[in-house]
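>>> sequence and predicted structure are below.
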Amino acid sequence: MSRLIVVSNRVSLSSDAGAGSVGGLAAALAAALRESRGMWFGWSGETTPAFTGQIALEQIGGVTVAKVDLEPQDVDEYYNGYANKTLWPLFHDRIDLTAYERSFDAGYARVNRRFAETLRPLVGPDDLVWIHDYHLAPLARELRALGVRNRIGFFLHIPWPARQLLVTLPGHRKLVEALFQYDLIGFQTAEGVSAFAGYLANELGISPPDADGMVTGFGRTVRIGAFPIGINAADFSEGATSPAGEESYQRMRDSLAGRQMILGVDRLDYSKGLEERFVAYEQFLGEHEEQLEQVFLLQIATLSRDTVEAYQDLRARLDAVAGRINGRFGTVDWVPLRYVNSGYRQDELAGIYRAARVGLVTPLRDGMNLVAKEYVASQDPADPGVLILSRFAGAAGQMADALIVNPYDREDMAEAIQQALSMPLEERRRRWERLMAGVETDDTAAWRESFIEALKGHTRQRPRLANDAA
Ligand code: ADQ
């Protein structure tokens, strides 16, 4: 049996993670890694004054974890720089926030080369290599240069941008050329596939993919396809009724004081549309006097990338808007917007999701958005809440029974909030049942298995998705 090697910027498996705290992606990949006695390779998150390529090996739950330290300059140029200040904003349509600096470019190339050199001796002849996300797009090219002939797949967790935006990136062609060193390139959505194919056709004159997704360019044929990531629904449906989930559910219920809760859970990131969400909520409160003191919005926004200026600016703006809303509408015993920056364990989160009448998931752009799926999976089947979902989340393509909104249109969002809060139980149930069926079918196992089968070259057809016509 061939061994699976997963490579990502960080390894999200850790030996001190307690039950209920392992992320969905880590759990999904760990299952496949365990089955093949595989290995997960990535940056340790630590720095060392000079790069040594020394690998720290650890066994975690049957999986070999291999981590390597980077130099501070690598972290600045590759991680904070090219990954988080260039590719992340550009791929989320924010060219206004995108930094183009040659030092970032050089750092990105250097770290990818270092990853390849460090990983090379660990790759056996039959291993399947699965590389994750925009941090490591050129890794296959670097591995090939070192003689690796294995099948290598790439999965992009974030959107692929429109050609008109991508061409603002100096070196866009080089980035795309490097992707042709993979055997399989996976995107979250069909829209991602067609944006990529559109770039190939219009910028490079490369013919569209055939019915199997095969496309030829730069002297290689690669397969491209959509593999929408899912969650393990039971983690949340069972997590919400586990002791920790039940406790956080009860705690939330007690604090509702008869009010209905609207909930947002996101990393604090400009792609998540938090400011627009706050403004839409303000609009809703302004339009619906009868709802004052009857509802509140709980926004959990975990800090992320807080050394990057755009994230610091956003945080300051959110603090200001939250303060304005509470100042304008709040009363001595009612806080209309509860805004917290802490993180929660998965089972605690499931209990909080379950206590919310409305899940407000309104990114301006998102590869998939797992929170939308987690919210649905955590609901009480007898009395489920309503999901409001941005049309710009990849998840919207699979979740048509949510209330789909345009996050740039605050009046549209305010109307959806009102509709969700007043939706009859029967309609809530009907919508939820269909959403839940999709979340359960297109789960992490389906995602992982369809990608791995395609990487092995077994599946010549696009994987069937729950929302495809029968
Ligand atoms: P993210 O941008 O991080 O992921 P998302 O898919 O929503 O976005 O996943 C966030 C995860 O973090 C969820 O599992 C959520 O439960 C967890 N989380 C968020 N806030 C938390 C908190 N306060 N405490 C604990 N957990 C919290 C990227 C892409 C997405 C894509 C995923 C997976 O940007 O579009 O869906 O990868 O491919």
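Great, that's in hand.

>>> E142 contacts T118, doesn't it?
No. Between E142 and T118 there is no contact under CB atoms under 8 Å: 10.6 Å. C-beta coordinates here come from the backbone N, C-alpha and C atoms, glycine included.

>>> which of the two has more residues huddled nearby?
Legend: neighbour count by other CB atoms under 10 Å for E142 and T118, higher for E142 (22 against 18).

>>> from V129, how far off is the more buried one?
Note on E142: its distance to V129, by CB to CB, to the nearest Å, is 12 Å.

>>> confidence score at the spatially closest residue to L314 that is not a sequence neighbour?
Nearest residue to L314, sequence neighbours excluded (CB to CB, 6 or more residues apart in numbering): Y270, at 5.1 Å. Turning to Y270, the model gives it a pLDDT of 97.

>>> what about Y270, how many neighbours?
20.

>>> how about R110, what does it touch?
74, 77-78 (CB atoms under 8 Å, 6 or more residues apart in numbering).

>>> just A244 next, same as before
Residues near A244 by CB under 8 Å, 6+ apart: 20, 345, 347-348, 351.

>>> residues of this protein that sit close to the ligand?
Within the chain, the positions adjacent to the ligand are 23-24, 157-158, 229, 265-267, 300, 302, 343-344, 349, 366-371, 374 by CB under 6 Å from any ligand atom.

>>> of those, which belong to strands?
265-267, 300, 302 (DSSP state E).

>>> rewinding a little: which among the contacts of R110 gets closest to R102?
Each of these was scored against R102 by CB to CB, and E77 proved nearest at 9.8 Å.

>>> where in the stretch 251-400 of the chain is pLDDT low?
Nowhere does the stretch 251-400 of the chain drop to pLDDT under 70.

>>> just the strands in it please.
260-267, 295-302, 337-340, 358-361, 386-390 (DSSP state E, counting those that start in this stretch).

>>> any chance you could list what contacts the first one?
Spelled out, it's strand 260-267. Applying CB under 8 Å, 6+ apart, the set of residues contacting strand 260-267 is 252, 272, 274, 277, 281, 294-302, 304, 349, 352-353, 355-363, 371, 374-375, 417, 420-421.

>>> just the CA coordinates of stretch 246-258, formatted as CSV?
Output of stretch 246-258 as CSV, limited to C-alpha atoms (Å, rounded to 0.1, in the frame of the first residue of the first chain):
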residue,chain,number,x,y,z
GLU,A,246,-24.2,20.6,26.9
GLU,A,247,-22.5,22.8,29.5
SER,A,248,-21.8,25.6,27.1
TYR,A,249,-25.3,25.3,25.6
GLN,A,250,-26.8,25.7,29.0
ARG,A,251,-24.6,28.6,29.8
MET,A,252,-25.7,30.3,26.7
ARG,A,253,-29.4,29.5,27.3
ASP,A,254,-29.2,30.9,30.7
SER,A,255,-27.6,34.1,29.4
LEU,A,256,-30.3,34.5,26.7
ALA,A,257,-32.8,35.8,29.3
GLY,A,258,-35.6,35.0,26.8
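
>>> mind listing the helices for the stretch 301-450 of the chain?
Assigned by DSSP state H, counting those that start in this stretch, the helices in the stretch 301-450 of the chain fall at 309-329, 346-355, 370-377, 410-421, 425-441, 444-456.

>>> please pick the buried ones from the residues of the chain next to the ligand.
24, 157-158, 229, 265-267, 300, 344, 349, 366-371, 374 (16 or more other CB atoms under 10 Å).

>>> any idea how many residues pack against G198?
Neighbour tally, G198, other CB under 10 Å: 16.

>>> how about the contacts made by it?
162-163.

>>> can you tell me the helix or strand for I131?
strand 128-132 (DSSP states H and E).

>>> what residues does the helix or strand that that strand is followed by touch?
Next along the chain after strand 128-132, taking DSSP H and E as the criterion, comes helix 139-145. With CB under 8 Å, 6+ apart as the test, helix 139-145 has contacts from 7, 112-113, 115-117, 119-120, 123, 129, 131, 152, 154, 177-179, 181-182.

>>> and the helix or strand following helix 139-145, what's its mean pLDDT?
Later in the chain than helix 139-145, the nearest helix or strand by DSSP H and E is strand 152-155. Mean pLDDT, computed over strand 152-155, is 98.

>>> who does strand 152-155 pair up with?
strand 128-132 (parallel), strand 184-187 (parallel) (DSSP bridges).

>>> in space, what's closest to G217 - neighbours in sequence excluded?
Closest to G217 by CB to CB, 6+ apart is I206, at 4.3 Å.

>>> contact partners for the residue nearest the centre of the chain?
By CA atoms, centre = their mean, the chain has its centre lying nearest to N369, at 5.3 Å. The contact partners of N369, taken as CB under 8 Å, 6+ apart, are 361, 363, 389-390, 393-395.

>>> dump the residues you listed into TSV; add distance to S36 and neighbour count as well.
Below are the contacts of N369 laid out as TSV (distance: CB to CB, whole Å; neighbours: other CB atoms under 10 Å):
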residue	distance to S36	neighbour count
V361	34	30
P363	34	29
L389	35	29
S390	36	27
A393	32	31
G394	28	26
A395	29	30
